[in-house]
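Q: structure of the sequence below:
(one chain, ligands or ions: 2)
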Amino acid sequence: MAARRDFTRESLADGVRAGDRRALARAITLVENSDPLAYEVVRDLYPETGRAYAVGVTGPPGVGKSSLISALVRHVREQDRSVGVISVDPSSPFTQGALLGDRIRLADHFLDPEVFIRSMGTRGHLGGLAEATLQALLVLDAAGKELVFLETVGTGQGEVEVIGIADTVVLVLMPGSGDSIQALKAGIMEIPDVIAINKMDHPAAKTMLNEVRSVLSLDKERAWRPPIVLTEAVRGEHVPELWEQVEAHRAFLESDGLLEEQRRKNLAGEVFAVASARAKVHLEHAVADDPELRRLLDEVQSRKLDPLTAVREIMEKVFKVGD
Ligand SMILES: Nc1nc2c(ncn2[C@@H]2O[C@H](COP(=O)(O)OP(=O)(O)O)[C@@H](O)[C@H]2O)c(=O)[nH]1
Ligand SMILES: [Mg+2]
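A: Ligands and ions are numbered 1, 2, ... in the order given. Now for the predicted structure:
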């Protein structure tokens, strides 16, 4: 705890700008803890951001998201690009030296000064995980990372805000990800920009490929048709092809000014998502702390007060807004 004292707002911002690993690690820890210093540092750095390209990697647990990111990092390092990774996957966190419970050694990456990998906890943020991810991305952006991978577990809905800030979204599936196919079909899960069907060594990979193809064929209107790539993350097979498709999507966005337009929309969406999350927490606390508001809920329960009248009174009292 005493170590916290050695960074000031200025020295931390400067350290991040210089890409100093200690400063980066500290800044992201502060972000994770919703520390006011993180807020100030990101505020100082914000005008310098917008240069990093953010690649979101989402999909159900266990499909190989972390493994694929590790393989992609290896691939883009061969092209000498600096990389940041933010993983908000509590089930398979990146740890020093290895992917937890995994054969893949990440030691090379951890020793590489141009790579910064960080698993983020899911502790209580006022603005939810979207807030922490956004702030961490901005820190890595300001540190000059050209590419930032954002890993999130995607099962359909809650993660939308986390991945919402990514420029290109890669959905990772594996043979047997039938629920995701259903979610895509039903429109619960958004169509991503690129789909990787990982564990192509599995005998059912081709079946999965056909299923994904048939879901995508329902949607012919898009200007960008999401490419599907079969991959094997552990051996790194077809990882260059996957990266090629990410780059192709980036080129597509950059060709028509679509990237700027999408970023404007994404940033507005993030601000809205974080504000909504904070408003919800505020509301919950207000109700918990105010016997009068709790009494309203009791009255709804005992049918003395109708639900919408209770909503109106709560909105008026907590947010000072009528109707
Ligand atoms: N057979 C096979 N196993 C894989 C492949 N990719 C990842 N795995 C394994 O699948 C497990 C889950 O991988 P992980 O990257 O942690 O998945 P995540 O939860 O999506 O991040 C690990 O044991 C990996 O070694 C692959 O392409 N083929
Ligand atoms: Mg993972």
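Q: distance of residue 315 relative to residue 286?
A: Remark: distance between residue 315 and residue 286 (C-beta to C-beta, to the nearest Å) = 11 Å. All C-beta spots, glycine's among them, are computed from the backbone N, C-alpha and C.
Q: quick one: low-confidence parts of the stretch 51-200 of the chain?
A: By pLDDT under 70, the low-scoring segments of the stretch 51-200 of the chain are 90-108, 110, 121-128, 155-161.
Q: same thing but at 80, please
A: Within the stretch 51-200 of the chain, the stretches with pLDDT under 80 are 89-111, 121-129, 154-162.
Q: residues touching the residue of the stretch 201-323 of the chain found nearest ligand 2, list them.
A: Scanning the stretch 201-323 of the chain for the residue nearest ligand 2 gives residue 233, at 10.6 Å (criterion: C-beta to the ion). Going by C-beta atoms under 8 Å, 6 or more residues apart in numbering, residue 233 touches 64, 67-68, 70-71, 198-199, 239.
Q: and residue 58, by the same measure?
A: 65, 151-154, 159, 163, 169-172, 192.
Q: which SS class is it?
A: strand (DSSP: H, G, I helix; E, B strand; the rest coil).
Q: show the contacting residues for the residue lying closest to it once chain neighbours are set aside.
A: Leaving aside its sequence neighbours, residue 58 sits nearest to residue 154 (C-beta to C-beta, 6 or more residues apart in numbering; 3.4 Å). If you count contacts by C-beta under 8 Å, 6+ apart, residue 154 has them with 58-60, 163, 171, 189.
Q: which one of those residues is nearest ligand 1?
A: Among these, residue 59 lies closest to ligand 1 (C-beta to the nearest ligand atom), at 6.0 Å.
Q: ok, so what distance separates that closest one from ligand 2?
A: 9 Å (C-beta to the ion, to the nearest Å).
Q: one step back: so which strand or helix has the closest residue to the residue of the stretch 201-323 of the chain closest to ligand 2 other than its chain neighbours?
A: Using C-beta to C-beta, 6+ apart and skipping the chain neighbours, the partner closest in space to residue 233 is residue 67 (3.7 Å). Assessed by DSSP states H and E, residue 67 sits inside helix 65-78.
Q: now for that helix, which elements pack on it?
A: Helix 65-78 is packed against strand 53-59, strand 83-88, strand 98-99, helix 107-111, strand 115-119, strand 147-153, strand 168-173, helix 239-255, with contacts defined by 3 or more C-beta pairs under 8 Å, 6 or more residues apart in numbering; DSSP states H and E.
Q: looking at these, which is nearest to residue 25?
A: Of all those, strand 115-119 sits nearest to residue 25, with 7.4 Å by C-beta to C-beta.
Q: who are the packing partners of the closest one?
A: Counting by 3+ C-beta pairs under 8 Å, 6+ apart, strand 115-119 packs on helix 21-32, helix 65-78, strand 83-88, strand 94-95, helix 107-111.
Q: the ones you listed: which one's closest to ligand 2?
A: Closest among the helices and strands packed on strand 115-119, using C-beta to the ion: helix 65-78, at 3.2 Å.
Q: which residues are contacting the closest one?
A: Outside helix 65-78, the residues within contact range by C-beta under 8 Å, 6+ apart are 55, 57-59, 83, 85, 87, 89, 92, 94, 99, 102, 104, 106, 108-109, 112, 114-115, 117, 147, 149, 151, 153, 170, 172, 196, 198, 231, 233-234, 236, 239-240, 242-243.
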